[in-house]
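1. Whatever this is, show me its structure:
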Amino acid sequence: MSLRDKIERQALVARREMLRTDELLSEDEFRERLNVSDQQFARMISKGDIFSIELDGVTRFPAFLAARELDLRRLYAVCRLLVPAPPSCRLGYLESRQANVGGISPLDALRDERQYRLLRKMARAYAAEWSRTSVTIYVGRHQNEPNDTEPTLTAVDEVDPRVNIWKRTVGALQSGGYIHPCGPYAEATEATVFIARHPAGHAPPIPDARIDVSVVDGIARAVVVSRGEPAYVIHALSVREAESIVGVVIQVVLAAKKREPTRRGEEAHIT
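-> A predicted model of the protein is given here:
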């Protein structure tokens, strides 16, 4: 038996024990404790206030999400921060002692204002670990990422996928955890930028956007194609001071970020 199989078996045994001790509830039991309408219940699930896990093919809810002795307003705020993590990992995080919040569990940290503020910061960082944003720049024009061409730059950053795409992209390019190569970068008159999200585990990357960039006489033009959004053009962007095509791309991304404000709902539940 592999180590992963052993861990999964141990987790299953622990969850079944939680069910036996009423730490996991059926949906009917959980909703009765919450005492909310169908509409409120659906909204709480949609926002990430509450979450469920699957145990032996049945949906169960952690009982502490309806515990009136806890500060549920604070608890739900933390739950919203944790949404990028799988439900089973959110459950484990909330129940376990965390060294970075003083060696206590997040549930205990809800009781103290200072510890709660620290918990929010640490929960946000934990959630970001479950998704990465990559920005890959190729010289030339490409419809899809080429397999036979080395990228001019690859930048990767761990960040909550609900954050606005351009904020994530700027973060990856300017302060990401991984940037390769470090430079210097070549000048070019054409480039294609691919932006994608990479969920934790073995899930395939999710394309977020493609940017086609062209430069003539120090003036850049870019066509931005975002997933699920109409394409648009950024015209007449002066890039004369850019020292390379990477510098041009950064200016284009900053222009896109300025042009496209945060969409309704994005970041609303993670601040």
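2. Residue 27 contacts residue 61, correct?
-> Yes. In this structure residue 27 lies within contact range of residue 61 using CB atoms under 8 Å: 6.5 Å. Just so you know, the C-beta spots here come from the backbone N, C-alpha and C atoms, and that holds for glycine as well.
3. who touches both of the two?
-> residue 52 (CB atoms under 8 Å, 6 or more residues apart in numbering).
4. More neighbours: the two, which one.
-> Ranked by neighbour count (other CB atoms under 10 Å), residue 27 and residue 61 place residue 61 first, with 23 against 13.
5. Confirm that the more buried one sits in a helix.
-> No. Remark: residue 61 does not belong to a helix; assigned using DSSP: H, G, I helix; E, B strand; the rest coil, it is strand.
6. Now residue 233: closest residue in space that isn't a chain neighbour?
-> Closest residue to residue 233 apart from its sequence neighbours, by CB to CB, 6 or more residues apart in numbering: residue 223 at 5.5 Å.
7. Bridge partners for that neighbour, pull those for me.
-> Here residue 223 shows beta-bridge partners residue 212, residue 233, assigned using DSSP bridges.
8. List the contacts of residue 212.
-> 141, 190, 192, 222, 223, 225.
9. Got a quick ChimeraX command for the buried subset of those residues?
-> In ChimeraX, this line selects whichever of the contacts of residue 212 come out buried by 16 or more other CB atoms under 10 Å:
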select :192,222
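10. Any idea how far apart the tips of stretch 15-31 sit?
-> End-to-end span of stretch 15-31 (CA to CA, to the nearest Å): 20 Å.
11. Could you list the buried residues of it?
-> Neighbour-count burial for stretch 15-31 [16+ other CB under 10 Å]: 15, 18, 19, 23, 24, 25, 30, 31.
12. again, but for stretch 70-85
-> Neighbour-count burial for stretch 70-85 [16+ other CB under 10 Å]: 70, 72, 74-85.
13. can you check stretch 208-223 too?
-> Within stretch 208-223, judged by 16+ other CB under 10 Å, the buried ones are 208, 209, 210, 211, 212, 213, 215, 220, 222.
14. for the record, mean pLDDT for it?
-> For stretch 208-223, mean pLDDT rounds to 97.
15. any idea how far it is from the chain center?
-> For stretch 208-223, the separation from the chain centroid amounts to 27 Å (computed by CA atoms, centre = their mean, to the nearest Å).
16. Then stretch 202-213?
-> For stretch 202-213, the distance to the chain centre is 14 Å (CA atoms, centre = their mean).
17. Any chance you could give me that stretch in PDB, C-alpha atoms only?
-> Provided in PDB are the C-alpha atoms of stretch 202-213 (Å, rounded to 0.1, in the frame of the first residue of the first chain):
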ATOM      1  CA  HIS A 202      -3.000  16.700 -11.300                       C
ATOM      2  CA  ALA A 203      -5.800  18.700 -12.800                       C
ATOM      3  CA  PRO A 204      -5.000  20.200 -16.200                       C
ATOM      4  CA  PRO A 205      -4.300  24.000 -16.500                       C
ATOM      5  CA  ILE A 206      -7.300  26.300 -17.100                       C
ATOM      6  CA  PRO A 207      -6.600  28.900 -19.800                       C
ATOM      7  CA  ASP A 208      -7.500  32.400 -18.600                       C
ATOM      8  CA  ALA A 209      -6.400  34.600 -21.500                       C
ATOM      9  CA  ARG A 210      -4.200  35.200 -24.500                       C
ATOM     10  CA  ILE A 211      -2.700  38.500 -25.500                       C
ATOM     11  CA  ASP A 212      -1.400  39.200 -29.000                       C
ATOM     12  CA  VAL A 213       1.100  42.000 -28.800                       C
END
